Each structure stands twice: as structure tokens, then as C-alpha cells.
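Student: From the sequence below, what's the structure:
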Amino acid sequence: MDLENLMKTQKQKAFTLIELLVVIAIIGVLVGLLLPAVQQAREAARRSSCKNNLKQVGLALHSFESANRALPAGYLYMSGAKYDTQASDISGEDDAANHKGHAWGAMILPTMEKQALYDRFDFDLPCFLPANKSARETSVSSYLCPSDTFSANMLVARDSGGASPTPSFYAGSSYCANWGPAEGQATNPQPAESQWVNLDATPGPDSGESNPNYDPCQGVFYRNSEIKFRDITDGLSKTLAIGERHNGPIQDENGDLITSGAGHLIYENSWAAACRDENDPEDDHGHMVLFDTEFGPNRARQSTDSAVNYGPDRGVVAPHQGNAQFTLCDGSVRTINESININVYRALSSRGRGEVVGNF
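Tutor: Numbering: from 1, shown residues only. Prediction:
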């Protein structure tokens, strides 16, 4: 074979540039088609793991109620003045502030098979004192949704850098307990602040009602609550117990970060405690461990009126596209679409108002 024929044979065995480009383009198209499917499969696995967490919490709540004849309190409350009569005054702390704060997530630790962590808490001391620092800053995997990219590696700061001599931090959580229905900013036009009824403005049944036509604390968990299953007359399978809320920045209805305005900018969700506000000691910060249903799931605001305040940090916001998962009081876990009718959603959060709830 002469040199010319040999060169022709070698050229015929090589790929042309056009052929290479076509192959690369085909591979790119295949990757583009497969990547969303892979991501969806991974999210489905994460959502399933989250569901298992919520089932475990539901079982723990049932075990707690069976052993104690009542569900755990949303969070414990004792005024500083009363605390001083039982212990000693804590220098620098306002007597109007809550001197307890330990939440439902801490109280069910033994039934979550976390007895050792439970034993590290001193429930006789306020949650914010250094004696409870190690326990409250411990991350608990069962309280973390795998799709939540914020809560696992963060500490919720409470009054850090302020005038309080005991700034404190709390391990993040992906779950919060049902305080009940709320009215206020979701109505249009926005009512005056004196008419708000929500878990921060009306933390317990002994609070003065903000609206004489609306009863506060109609949910399952609140300040010093002791709700029994028999108190949930709307039905255990029709009443929410636990919902999802990730930490991190709050987004508006367009997915844009809230950077200003009357609302909050970030969520503050913890499992261990609700800690007092040093600038407003009578504010228990119940939203650290509870949710209300003023706004629908995954929604920064219910009203389309831009003048209505948005950015509340006390609703449900799940890291799942288009829906949120809930533990109901019967221990089952349900997925609820974020487009659920707001009145149905609020009815699901009340324990005994007699609403008839169909399929949801």
C-alpha cells in the first residue's frame, strides 16, 4: 500500500468536527432531559424522609399524651416576678419577661428516644441561661427536613448583642406546632394593630382578646397549654398538630427576598424554646416554636394588596415546591397544597370550633 492510500485509510477512521459536535449536542440534550428527573427523584426521597420525621413526631406526641394525660405545652411560661418568688432574681432581666420558655420539642425528647439530651436541660431554670446552652444548641436530626438547606447548620439568635446579660442561641428546626387560626393582616384592608389576633399578640387564653368577636388560642399548642385529645372535638384526623417551617430569608409571593417594610426579614424557628424579647419583654416570641394560620402555607401574605403588611415569621413555609407536609393529631401525615382555601386551612387549625371540613 502506498503512502497516499495509507493516509486516505487513516482519514476515513477519524471523526469529523461536525460529527463530534453532533455527538456533544446529543449528550447535552440527554443530560438536560435526565437532570430534572434526577432532581425530582432526589427531592421525592428528601420529602419521604421529612414525612418519616413528622410521623415520628406524631408518635412521640401520642406517647406523651398517653403518659401525661395531656399534650406538651407549646412552650412553658412563668413571669419574672413569679420566678423571683420561687428562685432568685436574675440580674438584668425584666420581671415582665418569660423566665421559662422550654418548648414542646424539648418536652417530647424522651419519647423521641433522646433521653440523654432531655437530661441535659434544667427545666427549673430559664431557657436562656448558660446552664441550658449546650442542650438548646444541639441539632436534632429528627427535627430537620432534608430539603431544608438553612436549619441544620445554623443557630437562631435571640437578643444577641443587646442589653441583656445573657444573649442566647438555639439550634434550628424545620417543624413548628399549631397555635390555631388567626386574623389580622390577611384581611383587606388591614385592620388596626389592636385588632390583631395571632400567637405573638395573644399568646395564651389569659391574654386580653384583641377582637371581641374572635376567641384566641383555638389550636392545640400555646403558652402553658395542656390540651388533651378529648379536647379536640373537631376530630383528630381533621386538626393540624405539626407543620413545616424552614429558617433563612422570607420571600414574597413572587419569590423575591423581603428586604424592607413592616414585616420580618428572616424566619426564627427552633425546637428547644421560645425566648423573650429583651426590647419588648412581654413578647414571648412564640413564633420560634409555633405557627398560626393567618396566611396560607408557603405564603408571605394572603392579600394581593401591596399595602398589606407581609413578611410574617409565624406561618408555615415548607422547602417543598407547591405544598407543605403536616402531622395531624391522629398521627397521620398529610400533604396540603399551598393554594388551599384559607378558610378551610384555618378550620383545620382549630381544635373545637365545629367547622365541617371535607376533603383537603
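Student: Where does pLDDT dip in the protein?
Tutor: Residues of the chain meeting the criterion pLDDT under 70: 1-15, 37-39, 41, 159-167, 183-196, 205-215, 253, 260-263, 301-311.
Student: can you tell me which helix in it is longest?
Tutor: In the chain, taking DSSP state H as the definition, the longest helix is helix 17-68.
Student: by contact count, what packs against it?
Tutor: Counting contacts by 3 or more Cβ pairs under 8 Å, 6 or more residues apart in numbering; DSSP states H and E, helix 17-68 packs against strand 175-180, strand 240-244, strand 323-328, strand 333-337. To be clear about C-beta, it is placed using only N, CA and C from the backbone, and glycine gets the same treatment.
Student: again, only this time at 6 Å
Tutor: Contacts defined by 3 or more Cβ pairs under 6 Å, 6 or more residues apart in numbering; DSSP states H and E place helix 17-68 against strand 323-328, strand 333-337.
Student: Relative to the shortest one, what are the paired strands and their orientations?
Tutor: If I follow you right, that is strand 333-337. strand 323-328 (antiparallel) (DSSP bridges).
Student: what about the strands in this protein?
Tutor: Using DSSP state E, the strands of the chain run over residues 155-158, 168-171, 175-180, 240-244, 248-249, 266-267, 290-292, 323-328, 333-337.
Student: most packed of those?
Tutor: Ranked by average neighbour count under the criterion mean count of other Cβ atoms under 10 Å, the strands of the chain are headed by strand 290-292 at a mean of 32.
Student: That strand pairs with which strands?
Tutor: Based on DSSP bridges, the pairing partners of strand 290-292 within the sheet are strand 175-180 (parallel).
Student: Run a quick check on Asp252 versus Asn298, I expect a contact.
Tutor: No - the pair formed by Asp252 and Asn298 falls short of the contact definition of Cβ atoms under 6 Å, at 11.6 Å.
Student: neighbour-wise, which of those two wins?
Tutor: Taking Asp252 and Asn298 together and counting by other Cβ atoms under 10 Å, Asn298 has the greater number of neighbours (23 against 17).
Student: Just give me the neighbour total for the nearest residue to that one once chain neighbours are set aside.
Tutor: The spatially closest residue to Asn298, leaving aside those adjacent along the chain, is Glu338, at 4.2 Å (Cβ to Cβ, 6 or more residues apart in numbering). Other residues near Glu338 come to 17 when the count uses other Cβ under 10 Å.
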